[in-house]
Structures are given as structure tokens and as C-alpha cells.
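In: could you look at this predicted model? Sequence included:
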Amino acid sequence: MKVTYIEHSGFLLDTEKEYFLFDYYKGDIPDMDRNKPLTVFVSHKHSDHYNPEIFKLLDKYPHTKYVIAKGVPLKYYIARYKDMGINLEESVMSVVKNNVYNISLFNGNEIKVTTLKSTDAGVAYLLECGGKTYYHAGDLNLWLWEGESRKYNKNMECAYFTELEKLKNIHIDIGFVPLDPRQESNAYKGLETFMEYTDTDMVFPMHFWGEYDIIKMFIKKNHIYKNKIKVIKNKGQVFKI
Ligand SMILES: [Zn+2]
């Protein structure tokens, strides 16, 4: 298995049998084997999680499917591709929060996709495939801010715990979870809480706006997780697992 860090919250997961691309918005997508199925996930419409360029992948990789949270603007692209003779609608599955989807891939494998409700916009994805479980948070995080009211931060905590509760009793092999330096003194809390409340083997921090050092700082403070947190050092870095 291989994980490529593209940029921000964008990752390519290569399970050997299939590819999963999460929240691509910029950076280089590695060349892939066009005979293997590719599933592209979009957690929500924010421009740091969604770039309509992803639809071009269908030209190059015919076995591509899209799993896209409701609310992401699609109409324009569906019409544009129709003009080019490509029926994008056939390849796109629009998903809503708190639901389960079984999707058949072109290689005959089935994947199960469970959606959670983000504490920001859209959904987080839990993906089960080939006996493994993967989690991509999108913008589901403990968004505590120094400048916010106590009430706001309290409600945020409640909302985050409600979602983490859904991951209880689920073993996660690989998680992709925000670690955002903009939250200042609150920056570590989302990931710390995630590590504490879920049974996750390995986590790739994301959404750190190019401030790679925050990962090392997080590990320094949370030494118990040092074998579980992957240290990302640059764009395009490939992790063999
Ligand atoms: Zn974001």
C-alpha cells in the first residue's frame, strides 16, 4: 500500500488494487495505472478541498468514480462535459451526511462509504475496502478558537464528540485528520481527542497550510502517539505501508 501526500488535505491512497483520491485542490497527482479503478472523494465545496480539475481525470482514467458531498457545485461541469460527449452524471455519486453507501468498483470490488457530519461544512468519510478501514476527516475537526465565545467552543466540543462517538468500536487502519496551526493554543486538541477516542493505527495530519513543523511539535508534546503519527515533510512525499 502507498500513500502520497499531495497538498493540504489532498492524499492519494493506492491499495495495490485500487486508488482513492481525497480532497484534491492543488498539487501534482501522481501518474496512475489506468487499468485500476480510481475513486475521487470530495468532502465539501470549499476551495481548499475541491477543484473541478478532478473531472479531467475521467479523460485519462476511464475507471474513475466520484463520491461528492451534496452542496458541491456540479451542474456547470456536468453540462460542459455533456457538450464534450462525456456523461459525468454516470460517474458521480452525490452523498449526504450520516448515510451509508455501497459502491461497486470496475474491478468487481465493493467499497462501503459511511459519511459523518462535519463540524464545518459537508462530510467526513469512513471507507471500508478489502478488509481495511480508512478515515478522511475533510473539515471535521474540533474547531476551537481563542477569539470565540465559551458557548461557541462548548457547542463545538459537543458536535465533535457526537461524531467521534460514531467511530467508537471501529478499528481504523489509516486516518487523515486536521492539525491546523491557525488555531494557536487550540491547534492540537482536535487530533489529541481523535487519538484518544478512536482506535486508529496510523494518522496523517493534514490541513496545516504548509507549516510542516507543527507535526513534529505535536509529537513532541504527545510522545505516546509517536509511532502512529506520520511525519510529512514535503509535497508529493510517498509513504510505503
Ligand atoms: Zn478546509
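Out: In hand now; what should we look at? Since we're looking at a predicted model, the values are computed, not measured. Numbers count the residues shown, from 1 in each chain.

In: contacts and neighbour counts: CA atoms only from here.
Out: Will do.

In: quick one, grab the pLDDT at the residue lying farthest from the centre of the chain.
Out: Here the chain reaches farthest from its C-alpha mean at residue 83, the gap being 30.7 Å by CA atoms, centre = their mean. pLDDT for residue 83: 86.

In: next: residue 60.
Out: Residue 60 is assigned 93 on the pLDDT scale.

In: so the residue lying closest to it once chain neighbours are set aside versus residue 86, what's the distance?
Out: Distances taken as CA to CA, 6 or more residues apart in numbering put residue 34 closest to residue 60, at 7.3 Å, once the chain neighbours are dropped. Distance, residue 34 to residue 86, by CA to CA, to the nearest Å: 18 Å.

In: any buried residues in stretch 162-178, and which?
Out: 163-164, 167, 172-178 (16 or more other CA atoms under 10 Å).

In: what sits up against the helix or strand hosting residue 59?
Out: Using DSSP states H and E, residue 59 maps to helix 57-60. Where contact means CA atoms under 8 Å, 6 or more residues apart in numbering, the residues beyond helix 57-60 that reach it are 34, 64.

In: if you set the cut-off to 6 Å instead, what comes out?
Out: Contact with helix 57-60 is made by residue 64, as judged by CA atoms under 6 Å, 6 or more residues apart in numbering.

In: quick one: the helices in this protein?
Out: All helices of the chain, identified by DSSP state H, fall at 57-60, 75-83, 150-167, 189-197, 213-221.

In: out of the ones you listed, which is closest to residue 92?
Out: helix 75-83 (9.5 Å; CA to CA).

In: tell me the mean pLDDT for stretch 220-238?
Out: Mean pLDDT, stretch 220-238: 98.

In: nearest residue to residue 238 other than its sequence neighbours?
Out: Residue 238 sits nearest to residue 4 (CA to CA, 6+ apart), 4.4 Å away.

In: that's all I had, so thanks and see you.
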